[in-house]
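S.K.: Predicted coordinates and the sequence they were generated for:
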Amino acid sequence: MGDSGPHQGPQLPYYQLPFARNHSFFGRSKILEQITEKLRPVLPTRGVNSVAVWGTGGIGKSQVALEYAHVQTAEQEVQLVLWLPAETAVTQIKPPGFTEGDSPDKMHLVFWNWLQITVLVTCRSELIAASPAAHQLEIQLLGNHEAGELLLRLAGRSTVDAAERNSAEQIAVLLGGLPLGIDIIARQILVKKKSMQEFLPYFQSNKPSLRVPPRYTPGNPYYTKKLVTVWQTAFESLSDEANKLLSIITFIAPDGIPRFLLYPSGKVKNTWLFLLTDYDDAEEELYYKSLIRINADSRMLSIHRLT
């Protein structure tokens, strides 16, 4: 019989991940390479190395993190992987060798040798990503070609002609390259048994009703939210000023909005008086909640097409 006493060492390797590897995962090679490079240990450095990946809701942050973790476990690069949902409060962590009442000197030795770890955090806000982590990486929306290819794969269309591929890319453009939107529409295409060329005008005429998963297909085990709920939490917590500013932006264009267009140059109606007094605060709130993007160099705003 083996030793079952209180000082038995940890059983490694140990991998605690919420899902099996997603075999539909596609692309994202660049961001995965960047994460790997940033988290690669530099000996003899000890301690914590960290990366925060950020991006809008439904862009695939958790899927990128899951794929990275599974690659690490498959290659046995690490002996211990823990997945900690942000909704769950961690009250106490006891590393191997920890017992109640340990002296400060022993605790220092235990933690010095134990905390040789890497941390990968996902969040929506660039401002949040910049605060806890040593490195920050943005997950970009998919480009037209990559998004069209993902749509074809998820819809089970492995062999298509140029016209079908072009229609798939046009649908992906209407979805703004958002992976969650592409996943939902791919399942709609599967259910309705339409070609990409048939589905394109159908989607253009029925956008609102098609933004929810079809009723008669299994849900996505990796992401249970609908498009309508991706930004719902952010919308519900907006101040009146930020809400008004967002409503103005949505009437202009999704991309390339000059910030000076939103600066009032003279008298304004009482409804828009906040543009004179609270514009900066309202814009900052939208940016913090990842509802808009700001290019500081070009001084342009953009908003996702599905917002």
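M.R.: Yes, it's here.

S.K.: Output the lowest mean pLDDT helix or strand found in the protein.
M.R.: Averaged element by element with mean pLDDT, DSSP states H and E, the chain has its least confident helix or strand at helix 104-114 (a mean of 56).

S.K.: show me the contacts for residue 202.
M.R.: When contacts are counted by C-beta atoms under 8 Å, 6 or more residues apart in numbering, residue 202 touches 192, 194. Bear in mind the C-beta positions are built from the backbone N, C-alpha and C, glycine included.

S.K.: one step back: quick one: name whatever helix or strand follows the least confident helix or strand of the chain.
M.R.: Next along the chain after helix 104-114, taking DSSP states H and E as the criterion, comes strand 117-123.

S.K.: Parallel or antiparallel, which strands does that following strand pair with?
M.R.: Within its sheet, strand 117-123 is paired with strand 48-54 (parallel), according to DSSP bridges.

S.K.: So what touches the strand it pairs with?
M.R.: If you take C-beta under 8 Å, 6+ apart as the criterion, strand 48-54 is touched by 31, 35, 38-39, 41, 61, 64-65, 115, 117-126, 128-130, 132-139, 290.

S.K.: what's downstream of that strand, the next helix or strand?
M.R.: Past strand 48-54, the next helix or strand by DSSP H and E is helix 61-74.

S.K.: what about that next one, distance to the chain center?
M.R.: Between the mean C-alpha location of helix 61-74 and the chain-wide mean there is a distance of 13 Å, by C-alpha atoms, centre = their mean, to the nearest Å.

S.K.: pull the CA atoms of it into PDB?
M.R.: Taking only C-alpha atoms (Å, rounded to 0.1, in the frame of the first residue of the first chain), the coordinates of helix 61-74 have been written out as PDB:
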ATOM      1  CA  LYS A  61     -11.300  35.100 -25.500                       C
ATOM      2  CA  SER A  62     -12.200  32.000 -23.500                       C
ATOM      3  CA  GLN A  63     -11.800  29.800 -26.600                       C
ATOM      4  CA  VAL A  64      -8.300  31.200 -27.200                       C
ATOM      5  CA  ALA A  65      -7.400  30.600 -23.500                       C
ATOM      6  CA  LEU A  66      -8.800  27.000 -23.700                       C
ATOM      7  CA  GLU A  67      -6.900  26.200 -26.900                       C
ATOM      8  CA  TYR A  68      -3.700  27.500 -25.300                       C
ATOM      9  CA  ALA A  69      -4.200  25.400 -22.200                       C
ATOM     10  CA  HIS A  70      -4.900  22.300 -24.200                       C
ATOM     11  CA  VAL A  71      -1.800  22.800 -26.300                       C
ATOM     12  CA  GLN A  72       0.300  23.100 -23.200                       C
ATOM     13  CA  THR A  73      -1.200  20.000 -21.700                       C
ATOM     14  CA  ALA A  74      -0.800  18.000 -24.900                       C
END
